[in-house]
Every structure is written in C-alpha cells, then in structure tokens.
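Asks: sequence first, predicted coordinates after that:
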Amino acid sequence: LKGSEDRKMWESLELPRDLLNGFDQNADSDMDNEVQAEVVSDGDEEFVGMLIILLIPTGIYFTVRTRLLPIRMFPDMIKALTGKKENKDSLSTFQTLIVSTATRVGMGNLVGVVAAISVGGAGAVFWMWITAIIGSSTAFVEATLAQLHKEPDPLYSGYRGGPAYYIHHYFEDKSGKKKKHVIIAVLFAISGLICWCGISQVISNSVTSSFENAFGVPPIYTTIILVAVAAVIVLRKNATVKVLDIVVPIMAVCYFAITIFIIIKNIGMMPSVFSRIFEEAFGIRQVAAGGFGAVLMNGVKRGLFSNEAGSGSAPCAAAAAECDTPVKAGLTQALGVFIDTIVICSCTAMIMLTAPENIVAGKEGMDLLQSAMRYHLGDFGVIFIAVTLFLFSFSTFLGILFYARSNVAYLFGDNWISQTMYKVLALVMLFVGGIAAYTFVWDLGDVGIGLMTIFNTGILYLMGGQAIKELRVFEESNKAQSNSQCSQQGDNVTQ
C-alpha cells in the first residue's frame with residue numbers, strides 16, 4: 001500500500017501489525033524494483049549511445065578514406081570469395097565468411113529487427129541499410145589488419161589473429177622491443193572471452209524459450225540436447241568449421257528462399273512497403289511527432305549490433321584465411337556485413353511489414369514474428385521460425401568459440417588445456433542460460449563487447465593507414481593487370 005490514506009483504511013480494519021508492515025515492505029520493494037528497472041534502462045541507453053558515438057564516426061571516416069569502398073568495390077567482394085587455398089589445414093576466404101556470418105547472423109536478425117521496427121517504425125529499415133554501408137568499410141579495415149598481423153597456429157594448423165594480435169604488434173613496433181603481452185591487447189582478449197560467455201547464455205535462453213512457445217517442450221530437455229550436440233562438435237579439433245560449412249549456407253538460403261516466397265505472395269504490397277520505409281525514414285510526420293530520433297536510433301542500433309563491424313569479433317575469423325593479398329580477406333568481411341544486414345535483416349523486415357496491422361498489433365519480440373509467420377505460412381511458419389532461431393543461435397555459439405581460440409592462445413599460450421577449459425566454461429554457460437536467465441552474466445557480456453569496441457576502434461584510427469595502403473596497392477595492381485590485358489588484346493588485333 002503506497003499511500004498513507006490506504007494504510008489508514010486498512011488500520012481501521014484492525015489487521016495484525018506484522019501484516020500491515022508486510023504491506024509497507026512489499027510496497028517499498030515494488031518501488032525499489034521500479035526505480036532499479038528505470039536505472040538499468042537508463043544505463044542501457046547510455047551504453048548504446050556510447051557505442052553509436054564510437055562506431056558511426058569510425059564507419060564514416062573509413063568510408064571516406066576508402067573512397068566509398070562498399071559501393072564501388074562490390075564486384076571485387078564477390079570475386080574475393082573465389083580465392084583458393086594451398087594448405088588443406090588453413091581456411092579459404094569463403095570459409096572465413098561462413099564463420100563470421102555464423103556469428104553475425106543470430107537472434108538479432110530476427111527479434112532484434114522486429115524490436116527496431118516496433119519502436120522506430122518501417123523507417124528504421126532504411127537506417128539499417130545505411131549503417132551496413134558504412135559498417136562495411138570498418139569491417140574491411142579491421143579484417144585487412146588481422147590478415148597483415150596473423151600468425152601460424154600450431155594447435156589447429158593454419159593461421160590465427162585478430163585485434164589482440166595487431167594491437168600487440170602496434171605497441172611492440174612503437175617501443176622497439178619484443179613483448180610477451182601488451183596490457184591493452186590483454187584487456188581486449190579478456191573482454192572478448194567475457195562477452196562470448198554472456199552470449200552463450202543469451203543463445204540458450206532464446207532457443208529454449210522459442211521451443212517452449214512453439215512446441216511446448218520444457219526448457220531442460222531443449223537445453224540438454226543443445227549442450228550435448230554442441231559438446232560433440234566443439235570438443236573435437238576442427239569439427240566446428242566443417243559443421244558451419246554445412247549449416248550456415250543451408251539456414252541462410254532457406255530463410256532467404258522463404259522470404260522470397262512471401263514477397264512473391266504479397267507482390268502487390270511491395271510498392272507500398274518500400275514507400276513506407278522511405279517515407280518514415282525521412283517523413284515529416286515522424287519529425288513533427290518527435291519520432292525521427294527513434295526511427296534513426298533504432299535502425300542504426302540494430303544495424304551496428306547485428307553486423308558487429310568495429311567490435312573486433314570478425315577479424316578473428318579473417319586472420320585464419322589463406323589468401324594471396326590481405327585486401328581479399330578485408331573485402332570478404334565487408335561482404336559479410338552486406339549479407340547480415342542488407343539480406344538477412346531485410347528478410348525479417350519484409351516478413352513483418354507485409355503482415356496486416358491487426359495481426360501484429362499489441363505483440364512484440366518472438367511472439368510478434370511468429371504471428372506474422374503464422375499469417376503468411378500457417379502453423380508451418382511458426383515451426384520454421386523456431387527451427388531457424390535454433391540454427392541461427394547454434395551457429396553463433398560455434399562461431400564465437402572459433403573466435404575465442406585466438407584470444408585464449410594470446411592470453412595463455414599454445415596449449416590444449418586452456419583451449420579445452422574455455423570450451424567447457426562456454427558449455428556450462430550454455431547449459432545455465434537454458435535453465436534460467438541470469439541478467440548479471442548478460443550485463444557482463446554487454447560490458448565485454450563495449451570494451452572490445454573501445455579498444456578496437458581506438459587502434460583502427462592508429463593502424464588503419466596500413467589497410468588503406470594495402471587497398472591502394474591492390475587497386476594499382478588490378479589496374480596494371482587490366483591495362484596489360486587490353487594491350488595484349490590490341491596486339492592480337494593488329495596481328
């Protein structure tokens with residue numbers, strides 16, 4: 001009872017004193033919870049704002065420095081996937097794209113996009129696309145740096161690397177001395193391992209909730225199966241990449257194909273859908289209502305968090321690629337941002353925006369998406385989304401453990417004990433997250449990715465010139481090769 005008048009009323013009924021005190025305590029507890037939730041919400045907004053302040057200027061800066069690379073070099077991104085590897089134990093550029101796509105494409109591509117549109121409207125989709133373009137430039141730079149500073153991997157064969165390694169090399173070069181560890185590189189590696197443990201819990205919690213809602217399966221059963229299958233894969237030496245090579249293309253193609261079917265089924269609505277996206281992105285109505293900020297922020301936020309550009313995760317995969325020039329690894333990861341945001345996130349947006357308003361009104365999150373899919377495809381749609389979420393989330397878990405290899409090796413050296421211990425810890429987190437949601441661990445994961453982003457974006461400004469230099473060499477080489485081919489063709493015509 002929060003008001004004094006209410007208390008006087010209950011006192012007039014001569015209830016026991018301890019019961020009245022209990023009412024007061026409960027009221028205080030409720031108020032404390034409300035205040036605590038408000039503080040947490042404010043903290044989340046500040047955290048998100050900080051990341052946007054870091055990542056948006058970084059993306060714009062490198063988009064200018066690379067002279068609009070995401071647009072003018074898109075054909076080169078496609079060509080980069082055809083690179084061959086000579087060592088069977090290393091990874092091709094295509095395989096590293098598979099690994100990075102596995103981690104980029106997750107629950108955020110489903111529920112995250114739904115949340116962005118629910119709060120920011122259809123216009124949020126446009127700002128997601130813009131974020132993907134500038135994010136591609138950042139992804140190119142960090143992936144190219146990872147290739148330039150990669151090292152042989154004596155445990156898994158092939159190569160390893162990432163921000164911890166290029167940060168280490170930068171400070172080594174500045175000091176002119178060999179170092180075993182560099183404090184900022186150590187902090188990045190630790191932040192990454194903390195972040196990925198938090199993500200492990202979020203993954204299992206999302207999957208178990210989805211299966212409970214779709215099929216009525218108790219979380220404990222889903223969790224046991226999820227952890228058992230994951231353990232069989234991650235505890236084997238190189239099974240992770242082999243599984244991802246199969247799972248990721250299948251899940252991405254299936255989701256894309258289903259979306260194309262839904263678009264064709266609702267082809268008459270598409271002009272109005274795209275019109276709505278562009279109108280609400282810049283609409284006078286949104287500006288007049290004070291909603292333009294929500295449109296912009298939610299689209300940008302979803303784009304940044306989905307494609308991971310600038311956080312320093314994907315370079316751990318890029319470093320493992322075997323390619324004849326570092327630029328090809330960079331172009332491959334730039335393409336990965338397009339696949340994640342322009343393709344997969346847009347698929348979810350189209351599914352949602354083609355569903356009638358009365359079907360999705362008053363709903364949010366996975367419930368909203370499942371309702372939209374039920375409208376489009378009946379009960380099959382609900383089952384399809386649940387299975388898709390499982391595959392997206394499971395592949396993310398496998399992908400982050402691939403990333404973790406490099407950070408664990410940097411911190412603890414080349415030994416199987418530390419590698420196995422972290423995998424076991426991640427599996428424990430996967431199990432615990434499926435049973436209950438421990439927000440403290442999730443918050444640690446948020447702190448982890450925030451610190452990763454701070455350390456990585458900072459070093460990108462200092463070292464980005466190396467990637468830009470490699471890009472110029474690559475373009476000059478391509479131009480010289482093109483001129484040579486034209487000259488040969490001219491000689492043949494003359495003869």
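Replies: Alright, I've got the coordinates. These numbers were taken from a predicted model, which means no experiment stands behind them. Residues are numbered from 1 along each chain as shown.
Asks: OK, contacts around residue 346?
Replies: Counting by Cβ atoms under 8 Å, 6 or more residues apart in numbering, residue 346 makes contact with 125, 128-129. Heads up, the C-betas are built off the backbone N, CA and C, glycines and all.
Asks: roughly how far does it sit from residue 421?
Replies: 40 Å (Cβ to Cβ, to the nearest Å).
Asks: ok, and the most crowded of the contacts of residue 346?
Replies: residue 125 (32 neighbours; other Cβ atoms under 10 Å).
Asks: now the host helix or strand of that one: mean pLDDT?
Replies: Per DSSP states H and E: residue 125 is located in helix 123-148. Averaged across helix 123-148, the pLDDT comes to 88.
Asks: now stretch 170-177
Replies: 88.
Asks: what do you get for stretch 428-439?
Replies: On average, stretch 428-439 scores 76.
Asks: what lies in contact with it?
Replies: Contact with stretch 428-439 is made by 197-198, 200-205, 207-208, 219-220, 222-224, 226-227, 230, 397, 441, as judged by Cβ under 8 Å, 6+ apart.
Asks: which among the residues you listed count as buried?
Replies: Those of the contacts of stretch 428-439 that meet the buried threshold are 197-198, 200-205, 207-208, 219, 222-223, 226-227, 230, 397, 441, by 16 or more other Cβ atoms under 10 Å.
Asks: list the contacts of the closest residue to residue 212 other than its chain neighbours.
Replies: Leaving aside its chain neighbours, residue 212 sits nearest to residue 219 (5.9 Å; criterion: Cβ to Cβ, 6 or more residues apart in numbering). Residues in contact with residue 219, defined by Cβ under 8 Å, 6+ apart, are 208-209, 211-212, 434-435.
Asks: same thing but 6 Å
Replies: If you count contacts by Cβ atoms under 6 Å, 6 or more residues apart in numbering, residue 219 has them with 208, 212, 434.
Asks: quickly note the distance from the last one to residue 400.
Replies: In this structure, residue 434 and residue 400 are 16 Å apart, going by Cβ to Cβ.
Asks: partners of residue 151 in the sheet?
Replies: Under the criterion DSSP bridges, residue 151 forms beta bridges with residue 160.
Asks: can you pull the buried residues of stretch 452-461?
Replies: Buried positions in stretch 452-461, judged by neighbour count with 16+ other Cβ under 10 Å: 452-457, 459-460.
Asks: off-centre distance for it?
Replies: Relative to the centre of its chain, stretch 452-461 is centred 17 Å away, using Cα atoms, centre = their mean, to the nearest Å.
Asks: what does that stretch contact?
Replies: Contacts of stretch 452-461 (Cβ under 6 Å, 6+ apart): 51, 54, 58, 141, 163, 167, 184, 188, 191-192, 310-312.
Asks: mind listing what's buried along the helix or strand harbouring residue 407?
Replies: For residue 407, the host element (DSSP H and E) is helix 379-412. Neighbour counts using 16+ other Cβ under 10 Å place 381-386, 388-411 of helix 379-412 among the buried residues.
Asks: give me the angle between the helix or strand following it and helix 379-412.
Replies: Downstream of helix 379-412, the first helix or strand assigned by DSSP H and E is helix 416-435. Angle between the axes of helix 416-435 and helix 379-412 is 150 degrees (criterion: axes from the mean of the first three to the mean of the last three Cα atoms, to 10 degrees).
Asks: for helix 416-435, buried residues please.
Replies: Residues 419, 422-423, 426-427, 429-434 are the ones in helix 416-435 that count as buried (16+ other Cβ under 10 Å).
Asks: likewise stretch 137-152?
Replies: 137-150.
Asks: pull the residues that contact that stretch.
Replies: Counting by Cβ under 6 Å, 6+ apart, 58-59, 62-63, 66, 69-70, 159-162, 165-166, 169, 309-310, 315, 318-319, 326, 329-330, 333-334, 337, 460, 463-464, 466-467, 470 sit against stretch 137-152.
Asks: out of those, list just those in strands.
Replies: 159-160 (DSSP state E).
Asks: so which elements touch the helix or strand where residue 195 lies?
Replies: Applying DSSP H and E as the criterion places residue 195 in helix 183-215. Using 3 or more Cβ pairs under 6 Å, 6 or more residues apart in numbering; DSSP states H and E, the elements in contact with helix 183-215 are helix 163-175, helix 219-234, helix 379-412, helix 416-435, helix 439-494.
Asks: redo those as CSV? Include distance to residue 101.
Replies: Converted to CSV, the helices and strands packed on helix 183-215 look like this (distance: least, Cβ to Cβ, whole Å):
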stretch, distance to residue 101
helix 163-175, 19
helix 219-234, 17
helix 379-412, 8
helix 416-435, 20
helix 439-494, 18
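Asks: wait, which of the ones you listed is closest to residue 281?
Replies: Comparison of these against residue 281 by Cβ to Cβ identifies helix 439-494 as nearest, at 25.5 Å.
Asks: I figured residue 401 hits residue 234, correct?
Replies: Yes: with contacts counted by Cβ atoms under 6 Å, residue 401 reaches residue 234, the gap being 5.2 Å.
Asks: what is the neighbour count of residue 165?
Replies: 27.
Asks: contacting residues around it?
Replies: Contact analysis of residue 165 by Cβ under 6 Å, 6+ apart lists residue 149.
Asks: where does it land on pLDDT?
Replies: At residue 165, pLDDT is 92.
Asks: starting at the chain centroid, how far to the helix holding residue 125?
Replies: Here the centre of helix 123-148 is set off from its chain's centre by 12 Å, with Cα atoms, centre = their mean.
Asks: quick one, that helix and helix 379-412 angle?
Replies: Computed by the same axes, to 10 degrees, the angle between helix 123-148 and helix 379-412 is 30 degrees.
Asks: burial count for residue 325?
Replies: Residue 325 is flanked by 17 other residues according to other Cβ under 10 Å.
Asks: typo on my end, it should be residue 281
Replies: Neighbourhood size, residue 281 [other Cβ under 10 Å]: 22.
Asks: pretty sure it is touching residue 124, no?
Replies: No: between residue 281 and residue 124 there is no contact under Cβ under 6 Å: 8.0 Å.
Asks: now residue 71. Nearest residue, chain neighbours left out?
Replies: Closest residue in space to residue 71, ignoring its immediate chain neighbours: residue 133 at 7.1 Å, by Cβ to Cβ, 6+ apart.
Asks: is it true that that neighbour touches residue 70?
Replies: Yes: in this structure, residue 133 is within contact of residue 70 by Cβ under 6 Å, at 4.9 Å.
Asks: of those two, which one has the most company?
Replies: More neighbours surround residue 70 than the other of residue 133 and residue 70, with 25 against 20 (other Cβ under 10 Å).
Asks: for that one, which non-adjacent residue is closest in space?
Replies: Once flanking residues are discounted, residue 70 sits nearest to residue 136: 3.8 Å by Cβ to Cβ, 6+ apart.
Asks: quick revisit: the helix holding residue 195 versus helix 416-435: what angle between them?
Replies: Relative orientation of helix 183-215 and helix 416-435, computed by the same axes, to 10 degrees: 40 degrees.
Asks: surely residue 334 meets residue 133?
Replies: No: here residue 334 does not reach residue 133: they are 9.9 Å apart, not a contact under Cβ under 6 Å.
Asks: for residue 336, what are its contacts?
Replies: Contacts of residue 336 (Cβ under 6 Å, 6+ apart): 97, 100-101.
Asks: please report how far the residue nearest to residue 212 lies from residue 392.
Replies: For residue 219, the distance to residue 392 - Cβ to Cβ - is 18 Å.
Asks: from residue 479, how far off is residue 385?
Replies: Distance of residue 385 to residue 479, given as Cβ to Cβ: 47 Å.
Asks: then residue 233?
Replies: Distance of residue 233 to residue 479, computed by Cβ to Cβ: 44 Å.
Asks: same question for residue 245.
Replies: Relative to residue 479, residue 245 is positioned 34 Å away (Cβ to Cβ).
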